[in-house]
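Asker: Could you look at this predicted model? Sequence included:
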Amino acid sequence: MNLNHLTSRLGEWLRGTGPESDVVVSTRIRLARNLAGAPFTTRASPNQKAETEARLKEAIAGLDLPAPLGYVNVAGLPAVDRQFLVERQLISRELAGVLDGPRGVAFDEKEAVSLMVNEEDQLRLQSMRSGLDLDAAWDAIDHIDDLIESKVEYAFSDDFGYLTACPTNVGTGMRASVMLHLPALGLTKQIDKAFKALQKINLVVRGLYGEGSRALGDFFQVSNQVTLGKSEVASLNDIRSVVQEIIKYERMARSTLMREARQNVHDKVARALGTLQSATMMTSEETMELLSAVRLGVHLKLVGDLSPTTVNELFIHTQPAHLQKLVGEALDGEARNAARARYLRTRLRTAGAG
Amino acid sequence: MKCQFCSNPATVHLTDIIHKKKREMHLCESCAREKKLIPDPPQELNIPALLQLVLGQLPIPVKVSPADLVCPECGTPYAAFRAQGRLGCPHDYEAFRSLLEPLLERVQSNAIRHAGKVPRRYARRMRVAQKAELAARLQAAVSAERYEEAAQIRDAIRALGAGHEP
């Protein structure tokens, strides 16, 4: 499959719409599944992995879905394409580069569903939604899970539920994550206070790209930690109630900023936009930080006619692999930073921001 | 019981527990004396001699530590799981069960039992197995003319769902 046509499109999770989309970027639910009677991926021989891939590919190809899934052989992709799929969050870093041997991913046109084959678990099903939409994401992936389960037998035990390679996933095999944009809590230095509530009920917070790293551009992911002893719906309810609390805090912080520091916020947003429109060198970290301020400005109506969707597009297009695909050549270091700055200048001029 | 060293009746019985393995020795009094297990009376048991006899006569016990556990299905040693954090196959959950349960309690916030979705195929199989068991009990109740119990079992079978499932 040629991935180039994806460049001009935005995946479901970046549409910038959906419930609570002023604060919530996206909702993602993944299920970890393995076939009964086969070794887990890390213990499997290349032949066994090829067999697993064949069985799952066949099951996936036979799915009766409104949006058909296309299968991409990840093992056969060049590094830039694998990185490209990571940036679109269609595959994990592990599937892209840490794991080897036969492996792949199936996803639909809208990029609302992705099924990874021969990840740490043989099957990782993911469903993505724009905004806070846990129910829709769960219904979609639960349904696909049932359909696949009618074709293959999953490793399952009465006591431990769905059996996974890592005991931290055993049980439901479900990890639900909500990505939040919390710039006002960041600006008012209340972020730690807001996250204290999370620890009490076993949820994890991490930054957008990379685990445990500093949250770049005030993007945070909230997800459930426990997969055993609690049903999927109960876990989703826990996440929902916490996320709703955080949304409330962020909105309160935004209105406080607008009431007490409107000039300062406006200045910060305008400077961010100015830098993006005129700089000639731009790292992806700086881009994230500046676009975060612009995104806040868009939702506070401090920026002309820039849409949230355009901001999201800039986020993804300035990631290294996307940028290289847009430019049409391999770039490193300074050349990449120059290309990124050039891209941002052009896009923000045509987007009519100012 | 006869002495392990000669055919006289055993009158000295020793039980020792080493590495959680219990071993027993049965000797007649003269052999016990000869092995210096019981020095001439009224002295006490010669503990070092006894230990030496127990350890020397039997092969040194293989110490079963967690690190030596291996999954019979996929050959993954428990030690490899501890080193890499990844299990080898679904059967590891049974093979390492006693060691995994405390670990699950830690990482899963004290839970060690699944409370979520069950695959349809699995749920169906469980129903079939339950029905078969109930049918056998029904048969037994009928032949023993326990008709009241039979009626209850029949109702339970009906409650599990009609029809013949694959």
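Answerer: Done, it's in.
Asker: helix/strand/coil for the one residue in the stretch 101-250 of chain A that gets nearest to chain B?
Answerer: Relative to chain B, the nearest point of the stretch 101-250 of chain A is residue A:229 (2.3 Å; Cβ to the nearest Cβ). In this view, the C-beta of every residue, glycine as well, is placed from N, C-alpha and C. The three-state label given to residue A:229 by DSSP: H, G, I helix; E, B strand; the rest coil is coil.
Asker: shouldn't it be in contact with residue B:107?
Answerer: No. In this structure, residue A:229 is not within contact of residue B:107 by Cβ atoms under 8 Å, at 11.4 Å.
Asker: Looking at the two now, which is surrounded by more residues?
Answerer: A direct count of neighbours by other Cβ atoms under 10 Å in any protein chain shown for residue A:229 and residue B:107 places residue A:229 higher, at 20 against 17.
Asker: how deep is the closest residue to the more buried one other than its chain neighbours tucked in, by neighbour count?
Answerer: Using Cβ to Cβ, 6 or more residues apart in numbering or on different chains and skipping residues adjacent in sequence, the residue nearest residue A:229 is residue B:111, 2.3 Å away. Residues lying near residue B:111 (other Cβ under 10 Å) number 16.
Asker: who are the neighbours in contact with residue B:111?
Answerer: Going by Cβ atoms under 8 Å, 6 or more residues apart in numbering or on different chains, residue B:111 touches A:171, A:226, A:228-230, B:104-105.
Asker: So in the chain, where's the weakest helix or strand by average pLDDT?
Answerer: No chain was given, so I picked chain A. Sorted by mean pLDDT, DSSP states H and E, the helices and strands of chain A end with strand A:203-207, the least confident at a mean of 67.
Asker: I was after chain B.
Answerer: Per mean pLDDT, DSSP H and E, bottom of the list for chain B is helix B:47-57, a mean of 59.
Asker: following it, which helix or strand comes up?
Answerer: Tracing the chain C-terminally past helix B:47-57 and defining elements by DSSP states H and E, one meets helix B:78-84 next.
Asker: Mind exporting the C-alpha coordinates of that following helix to PDB?
Answerer: Provided in PDB are the C-alpha atoms of helix B:78-84 (Å, rounded to 0.1, in the frame of the first residue of the first chain):
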ATOM      1  CA  TYR B  78      10.300 -18.100  35.200                       C
ATOM      2  CA  ALA B  79      13.700 -16.300  35.500                       C
ATOM      3  CA  ALA B  80      13.400 -15.200  31.900                       C
ATOM      4  CA  PHE B  81      10.000 -13.700  32.600                       C
ATOM      5  CA  ARG B  82      11.400 -11.800  35.600                       C
ATOM      6  CA  ALA B  83      14.300 -10.500  33.500                       C
ATOM      7  CA  GLN B  84      12.300  -9.400  30.500                       C
END
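Asker: Just after that helix, pick out the following helix or strand.
Answerer: helix B:92-95.
Asker: residues near residue 156, how many?
Answerer: Just so you know, I chose chain A. Neighbourhood size, residue A:156 [other Cβ under 10 Å]: 22.
Asker: wrong one, chain B
Answerer: 14.
Asker: Equivalent analysis for the one 3 residues further on, please.
Answerer: Neighbouring residues of residue B:159 were enumerated by other Cβ under 10 Å; the total is 9.
Asker: ditto for residue B:109
Answerer: With neighbours defined by other Cβ under 10 Å, the count for residue B:109 comes to 15.
Asker: right, and it touches residue A:229 too?
Answerer: Yes. In this structure, residue B:109 is within contact of residue A:229 by Cβ under 8 Å, at 7.4 Å.
Asker: Could you look up the SS state of the residue lying closest to residue A:141 once chain neighbours are set aside?
Answerer: Leaving aside its sequence neighbours, residue A:141 sits nearest to residue A:127 (Cβ to Cβ, 6+ apart; 3.8 Å). Classification of residue A:127 using three-state DSSP returns strand.
Asker: Just list the residues touching residue A:127, thanks.
Answerer: Each residue near residue A:127 by Cβ under 8 Å, 6+ apart is listed here: A:28-30, A:112-113, A:137-138, A:140-141, A:144.
Asker: repeat for residue A:170
Answerer: Neighbour list for residue A:170: A:160-164, A:227-228, B:93, B:104, B:108, B:114 [criterion: Cβ under 8 Å, 6+ apart].
Asker: now those residues as JSON lines including pLDDT and distance to residue B:154?
Answerer: JSON lines is the format used below for these (pLDDT from 0 to 100; distance: Cβ to Cβ, whole Å):
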{"residue": "A:160", "pLDDT": "96", "distance to residue B:154": "34"}
{"residue": "A:161", "pLDDT": "96", "distance to residue B:154": "33"}
{"residue": "A:162", "pLDDT": "97", "distance to residue B:154": "35"}
{"residue": "A:163", "pLDDT": "97", "distance to residue B:154": "36"}
{"residue": "A:164", "pLDDT": "97", "distance to residue B:154": "41"}
{"residue": "A:227", "pLDDT": "94", "distance to residue B:154": "40"}
{"residue": "A:228", "pLDDT": "94", "distance to residue B:154": "37"}
{"residue": "B:93", "pLDDT": "96", "distance to residue B:154": "37"}
{"residue": "B:104", "pLDDT": "92", "distance to residue B:154": "40"}
{"residue": "B:108", "pLDDT": "88", "distance to residue B:154": "41"}
{"residue": "B:114", "pLDDT": "93", "distance to residue B:154": "31"}
